[in-house]
Structure formats: structure tokens, C-alpha cells
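>>> Quick one, fold the following:
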Amino acid sequence: MTQNLFVVAPIGLLPVIIFLVTLLYMDSYKLVSMRAIIGVIGVGGLLVILTYFISGAVLDYTQIDWSIYTRYVAPPIEEILKASVIVVLLRTNRIGFLVDAAIFGFAVGAGFAVVENLYFLQTLDHANIGVWIVRGFGTAIMHGGATAIFAILTQALTERNIGINPLMFLPGLALAIALHSLYNHFLISPIQSTTLILLVLPPVLYVIYLHSSQAMHDWLQLDFDADADLLEQINSSEFAESSIGRYLGELTKKFKGPVVVDMLCYLRLYTELALRAKGVLMMRENGFDEPVGERTRAKFAEMRFLEKSIGKTGRMAMRPFLHMDRKDLWQLYVLEK
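Residues are numbered from 1 along each chain as shown. Just a heads-up that it's a prediction; the model follows:
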């Protein structure tokens, strides 16, 4: 056990954590807080316990061969459980760009891999160092990479929508399961599989990071100008003659006057907060991290009040001019957190 703790334990546990820290370091916008990462790692670790009970039940019920189980049954079970964490994050607008999808996805897999390897440290205490090289640099990175790929692909397919069609989860999930299953087949030697993962995954994630960083920079520039123009239009004396002003005028035929006034207030407040969020992200890009003040928090409270006043039907009526996708909702989460 002493050998495990001081020799093989670092090999089995540290590579995936170092990889995750590197991803966080590359995130110049600081899109993901350390608190959120720790929470996601913890949830990923807890999934190992759930997997243990599910696997035991499946093996007892089916009596299938262990090699068949590890190749064709374990990958779907584990990848579905890990993917469920990403689904929750997507549906609660915690993910806005590919880079934070990659970070959250890898964090789930890292938590899963660390707890799984801690378990194997207890049960495989006589395994040679080669086993732990494979588990630490191969299996652990595979767990993080597979879930990161699911998160990245799902984010890419759904980022322009508010709601997410469950069918959009299937391509990423199928790819994660296939990669996991292929790894467990060991078509080449375990050391060669580990080497292949280390050669392929880091460059892929780096390219995704570069693409996401440029996409976010472009989005901030374009949307900041659009939001600024809209806010100027709302505050001008000619707003009533604009297309949005005329549309709000038409809504007075369907909604009470005070509700339409609240719609206008909501539009102004939402645009102000969107501008503020983009300003914060731009400052982070340049190395500054400005805290959110009480005034901004008060605006969020006011916006929640207006949402209740307008109601679901009113918010649906605003959709033609309140252009809102998951990126827009995500930026408010970044500001509010």
C-alpha cells in the first residue's frame, strides 16, 4: 500500500488533473469558476458509486462475460451518466461556448476517473507500474476526453437555440460511447492506446480552444455594437416610430397598457445587462476582472420581477424583437454568478 501511495498513486491520479488545470489556464475569459469546476468534479466522482451498483446489477442479472461487458455495456452506462451532468449544465445555461463545454466535460470525466482509480488503488495494490501508466495517462484521459467531446459536439449543435431538442444529444453521445468502447477493445496494446490518446486529444482540444476563442471575440464585438445601437434606439425620442416601437404599439391591442410598458422596461433592462456582461468579458480578455456591483444585482432582481409581470405569453410575444439564444442567456449567468 505504501508503494501505491508514493509511487503509482501520482501516476494514476495526477495526469488527468494536470490536463484539466491546463484547460483552465488556457481560458483567458475565465468562463468557468473554480467553484463550478470543483462541484462538477465531485458529481463526476459520485457517478462512480452509481456506476458500481448499476454494473453489479447488470452483471448479476445477465451473467455476461466480463470482456463483453467492458466493451459493449460499460461504455454506454458510463457515458450516459457522465453526459447527464453536461445536459443539466446546458439546460441551465451554464455553457455558452465550445471552450467551457470542453472544460466542464473534461471535469466530469476527471472526477469520474480519479474516484475510479482511487478504488482500483485499493483493489489492484499489486499491479505493476505499467498498469498505472495506462490507467493514469490512458483510461483517465479517455474518460475526460470522451465527455468533453460529447459536450463540445452538443454545444456546437444547439448553441443557437434556447430550447434543446433531445435528439441533438445523440450524435455526441454516440461518438463518446464509440470512442470509449473502441478504447476498451485494446485493438492495439494498452501502451500504444495510451500513446495515441496523448498524441490526438491535446491537439484536438487546442484547436477547439483557438476556434472558440476567436468565435467569442467576434461575438462580443458584433453583439456589443448591436446591443449599444438598440439601447440608443430605445432611449431616443424616435423609438415609437421604429419597427420595435410600432410592434409594441400593436401589442396594446392584445395586452393591457401596463404590461406593454413592462415589456419596454424589460427590453431596456435586458439590453443594459447584456451590454454589462459583454463589457465584463472584454475586460477579462484583457486581464481585468471587475466584480459585479449591487446596482447590477438590483437590475437582475428588477428583471425577474418584470418577467413575472409580463408572464409567459408576454415573453413569447416579445420574441420577434428580443433576439435571444442560449449564448444570450449564458452571458447573463456569467454576470449574475
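>>> Dump the C-alpha coordinates for whichever strand or helix holds Met142 into PDB.
If you go by DSSP states H and E, Met142 is part of helix 140-158. Written as PDB, here are the backbone C-alpha positions of helix 140-158 (Å, rounded to 0.1, in the frame of the first residue of the first chain):
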ATOM      1  CA  ALA A 140      -8.400   8.600 -17.100                       C
ATOM      2  CA  ILE A 141      -7.700  11.000 -20.100                       C
ATOM      3  CA  MET A 142     -10.100   8.900 -22.200                       C
ATOM      4  CA  HIS A 143     -12.900   9.400 -19.600                       C
ATOM      5  CA  GLY A 144     -12.300  13.200 -19.600                       C
ATOM      6  CA  GLY A 145     -11.900  13.300 -23.400                       C
ATOM      7  CA  ALA A 146     -15.000  11.300 -24.200                       C
ATOM      8  CA  THR A 147     -17.300  13.500 -22.100                       C
ATOM      9  CA  ALA A 148     -15.500  16.700 -23.400                       C
ATOM     10  CA  ILE A 149     -16.300  15.500 -27.000                       C
ATOM     11  CA  PHE A 150     -19.900  14.900 -26.100                       C
ATOM     12  CA  ALA A 151     -20.100  18.400 -24.500                       C
ATOM     13  CA  ILE A 152     -18.400  20.100 -27.500                       C
ATOM     14  CA  LEU A 153     -20.500  18.400 -30.200                       C
ATOM     15  CA  THR A 154     -23.700  19.000 -28.300                       C
ATOM     16  CA  GLN A 155     -22.900  22.700 -27.700                       C
ATOM     17  CA  ALA A 156     -22.000  23.100 -31.400                       C
ATOM     18  CA  LEU A 157     -25.300  21.600 -32.400                       C
ATOM     19  CA  THR A 158     -27.500  23.600 -30.000                       C
END
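>>> distance between that helix and the chain's centre?
Between the centre of helix 140-158 and the centre of its chain there are 9 Å (Cα atoms, centre = their mean, to the nearest Å).
>>> angle of the helix or strand hosting Leu210 against helix 140-158?
Using DSSP H and E, Leu210 falls within helix 190-235. The directions of helix 190-235 and helix 140-158 differ by 30 degrees, with axes from the mean of the first three to the mean of the last three Cα atoms, to 10 degrees as the criterion.
>>> And for the helix or strand just after helix 190-235, what's in contact with it?
Sequence-wise, the next helix or strand downstream of helix 190-235 (DSSP H and E) is helix 243-251. Helix 243-251 is contacted by residues 233-234, 239-240, 260, 263-264, 267, 317, 320-321 when judged by Cβ atoms under 8 Å, 6 or more residues apart in numbering. The C-beta positions use only the backbone N, C-alpha and C, and glycine is treated the same way.
>>> Stretch 194-202 now?
Here stretch 194-202 has contacts from 19, 133-134, 137-138, 141-142, 145, 183, 188, using Cβ under 8 Å, 6+ apart.
>>> Next up, phi/psi of Asp65, please.
phi -60, psi 140 (degrees, to the nearest 10).
>>> err, Ser33, not the other one
Per-residue torsions, Ser33: phi -80, psi 150 (degrees, to the nearest 10).
>>> picking that back up, most neighbours among the contacts of helix 243-251, which one?
Met263 (23 neighbours; other Cβ atoms under 10 Å).
>>> Please, which helix or strand holds it?
helix 257-285.
>>> what angle sits between that helix and helix 243-251?
Between the axes of helix 257-285 and helix 243-251, defined by the same axes, to 10 degrees, the angle is 150 degrees.
>>> right, and the helix or strand after the worst-scoring helix or strand of the chain on mean pLDDT?
None of the helices or strands of the chain scores lower by mean pLDDT, DSSP states H and E than helix 2-3, at a mean of 50. Moving toward the C-terminus from helix 2-3, the next helix or strand (DSSP H and E) is helix 9-26.
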